[in-house]
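# I'd like to go over a predicted model; first the sequence, then the structure.
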Amino acid sequence: MSSLAHLFAGGSSGRSGVATPVASVEQSERLEELFAKPRKPVAAAPAPVDDIPALQALVGPRGRATTMAAGPVAGPTSVRRAGNQVDVLSIVMAALAVVAVVIASIIAGVVISSSSPEGDAVRTLTQTEAVLANETQAVNASIGRLDEARAGSIAHAQQLALPLEQLEGMSDEAALAAAEAARVAYLSALESLTVPPAVGEFTPPAVDEESLSSIGAAIDEVTTRSSEVSAVATQVDDLREEVVALDRTFTAAMATFAATVPASAASIVEENPDADESFREAVIQTADAVAASALATPTSVATLPAYSTAVTALRDDQLRAEIAIAEQLAREEEERRRQEQAPPPEDPGTGTDPGTGTEPVPDPPVDPPEDLGGG
C-alpha cells in the first residue's frame, strides 16, 4: 500500500494541515479492526510521510494506544514464557516439600502411635542381654588365658627339679639351696590357686511382651547374671595379678642362682688341670649360657643339663688323665727298682769269684794211674 488516501473521505491529504476527517461508520470500524488486533508485524513499505498526520488525526488517542499495543509481540511473549517456566519449577518444588512434610508427619505418627511402655521395656531387655553376652565372652577368654599361664608356670617349675638336683657338687651350694627352695615355694603357690570355671551361656527366660511385670522380671534376672559375671571377672583379674607376682619372684631367684654358675665353673676347671682343653672350654661355655638365659623360660632349662654334662665329662677326662699319669709313674718306678736290684756285669779280665771277690784256688794235678800189668 503506497498511500492512505483511500481511507479518508474526500481524498484529503496530510499536506493540507490538520483537517477534520469525515469518516463513515464503516471506515471507522475498519480502522478499529486493523489496529485493535495484535498481529506479527509484517514488513511493508513505510507509509508516505504526507499520510501520517491525516491518519493520526483520524484515529486519535485510541488509535495511538492501539498501535502501541499492536507493536512487535516477540519480546513480551518471550518474557511471559520465561516467567511461566520459573513459576512451574517453584510450584513443583513447593509440592515436593509439602509431600516430604506429609511423609515425615506420617512416619512420626506411626512411631508415636507404636511406642508404648512395653515396647520400651522389651528394647531395654534386648540391650541388656547383648551386654551380658559380651561380658560372658570376655570373662571366659580371660579365664582361658589365666589357666594357660598357670599351667605353663607349673610346667616350668617342674622341669627345673631334676636339673637343679644334678648340679649338686657343680655349683655354689648355698645358691643352689636357695634356688631349690624358691622353686618349691613357687610350685606350691601355683598349685594352690583355684581358677574359676568358664561361665556358662545364659538362657533368657520366657517373657510375655505384653506384660510389663514379666519384662521387668526378665530384666532383673539378666542384671543379676551380669553382676555375677562381673564378680568372676574381678576374681580372674586378682588371680592374674597374683600369678604375675609369683612369676616375678621366681624369675628373680632363678636369675640370682644362674649368675653364680660361671664362678663355680671356673673353680671346677682349675680343679681339673689335667683334662683335655676341649673339656675345659665346654664347661666355661655352658656355664656362660646358663647365666645368659637366667633360667627365665622353659626353654632355658636345657642349659642346666648341658652344663652338668660338660662338668661330668671334664671330671671323667681328668680321671682318665690321672690314671694315665699314675700308670706312667708306676712303670717308671718299677724300671728304677729293677735297675737297682740287678748284679753288676762280670769283668772278663779278672778271674775273681763273684761270690767272694777273691781269685779262685786251682785244684792239684792228678797223677796218671799206674800200669798194673807191666811190673
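Noted; the coordinates are in hand.
# can you pull out the helices in the stretch 251-375 of the chain?
For the stretch 251-375 of the chain, the helices defined by DSSP state H, counting those that start in this stretch cover 277-293, 303-341.
# so which of those is the most packed in?
The highest mean neighbour count among the helices of the stretch 251-375 of the chain, using mean count of other Cβ atoms under 10 Å, belongs to helix 277-293: a mean of 18. Yep, even glycine has a C-beta here, placed from its N, CA and C like the rest.
# Report the mean confidence score over it.
Mean pLDDT, computed over helix 277-293, is 96.
# Use 57 as the first number from now on
With the count now opening at 57, the last piece we talked about shows up as helix 333-349.
# Can you check what angle separates it from helix 359-397?
On the basis of axes from the mean of the first three to the mean of the last three Cα atoms, to 10 degrees, helix 333-349 is oriented at 160 degrees to helix 359-397.
# what helices or strands is helix 333-349 leaning on?
helix 268-327, helix 359-397 (3 or more Cβ pairs under 8 Å, 6 or more residues apart in numbering; DSSP states H and E).
# nearest to residue 201, of these?
Residue 201 lies closest, by Cβ to Cβ, to one member of these: helix 268-327, at 8.0 Å.
# So which elements touch the closest one?
When contacts are defined as 3+ Cβ pairs under 8 Å, 6+ apart, helix 268-327 sits against helix 173-215, helix 229-248, helix 333-349, helix 359-397.
# hang on, the earlier thing: the helices and strands packed on helix 333-349: which one's closest to residue 193?
Among those, helix 268-327 sits nearest to residue 193 (Cβ to Cβ), with 9.9 Å.
# Next, format the helices of the stretch 307-431 of the chain as CSV and append distance to residue 220.
Shown next, in CSV, are those (distance: least, Cβ to Cβ, whole Å):
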stretch, distance to residue 220
helix 333-349, 11
helix 359-397, 7
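# Figure out which of these is closest to residue 248.
Of the helices of the stretch 307-431 of the chain, nearest to residue 248 by Cβ to Cβ is helix 359-397, at 26.2 Å.
# and the angle for the closest one with helix 173-215?
Going by the same axes, to 10 degrees, helix 359-397 makes 0 degrees with helix 173-215.
# what angle separates helix 359-397 from helix 268-327?
On the basis of the same axes, to 10 degrees, helix 359-397 is oriented at 20 degrees to helix 268-327.
# so what's residue 370 up against?
324-325, 328, 331, 335-336, 338-339 (Cβ atoms under 8 Å, 6 or more residues apart in numbering).
# if we go to 7 Å?
Taking Cβ atoms under 7 Å, 6 or more residues apart in numbering, we find residue 370 in contact with 324, 328, 331, 335-336, 339.
# So what's the residue count around the closest residue to residue 258 other than its chain neighbours?
In this structure, residue 258 finds its nearest non-sequential neighbour in residue 281, 5.4 Å apart by Cβ to Cβ, 6 or more residues apart in numbering. Neighbour count of residue 281, defined by other Cβ atoms under 10 Å: 20.
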